[in-house]
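Trainee: Build the 3D model from these lines:
(one chain, ligands or ions: 1)
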Amino acid sequence: MSDGRPTGRDGGAISPPARLDLFGFHPTPACVVLIPRSGAWRSGHAFGLLLLCWAAIGVVMWVPPHIPWVLGAFFLGIFFFVKYIRERNTLVELDGTCPRCGAAQTLRKPTRLGNPHRVHCMKCGQMLLLRTAEPHSAP
Ligand SMILES: [Zn+2]
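Mentor: Below you'll find the predicted structure:
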């Protein structure tokens, strides 16, 4: 699962080599599953949700107390736009151990992959860095 080739699952999911780092401890290997996101996917989701939220302003502006709903829909649209336009890879699976305490590290829900990606160890409370050989996103 760590040879970097597409696995054919989840629309082109891949499993690049990865490790969990913590300063002062030896890195531990980790198994990850990523979905590289194309520019079309990112901009489609970003602009789609931006337009949906801003279109909702036309409805929520009639609900008292008016201004909070309008501002909420406006900034929620911007939040989704930034969230999806930055999501070059989605991390869908994580299986590793903490370099300090050896506790199993898993993922609760799919999320945007940062590089390095921060993982909070629930047992020892340390902030681990998940480093992957980030694949180039599709055009
Ligand atoms: Zn730990």
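Trainee: Quick check: buried residues in the lengthiest helix in the chain?
Mentor: Longest helix of the chain, by residue count under DSSP state H: helix 39-60. Buried residues in helix 39-60, defined by neighbour count with 16 or more other Cβ atoms under 10 Å: 41-42, 45-46, 49-50, 53, 56, 60. C-betas here are computed from N, CA, C, even on glycine.
Trainee: following it, which helix or strand comes up?
Mentor: Using DSSP states H and E, the helix or strand that directly follows helix 39-60 along the chain is helix 67-85.
Trainee: how does the chain divide into domains?
Mentor: When the chain is parsed with automatic domain parsing, its domains come out as 17-37+87-132, 39-85.
Trainee: Just send these back as TSV, with distance to the ion and mean pLDDT too.
Mentor: Listed next are the domains of the chain as TSV, based on distance: least, Cβ to the ion, whole Å; pLDDT from 0 to 100:
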stretch	distance to the ion	mean pLDDT
domain 17-37+87-132	3	93
domain 39-85	28	95
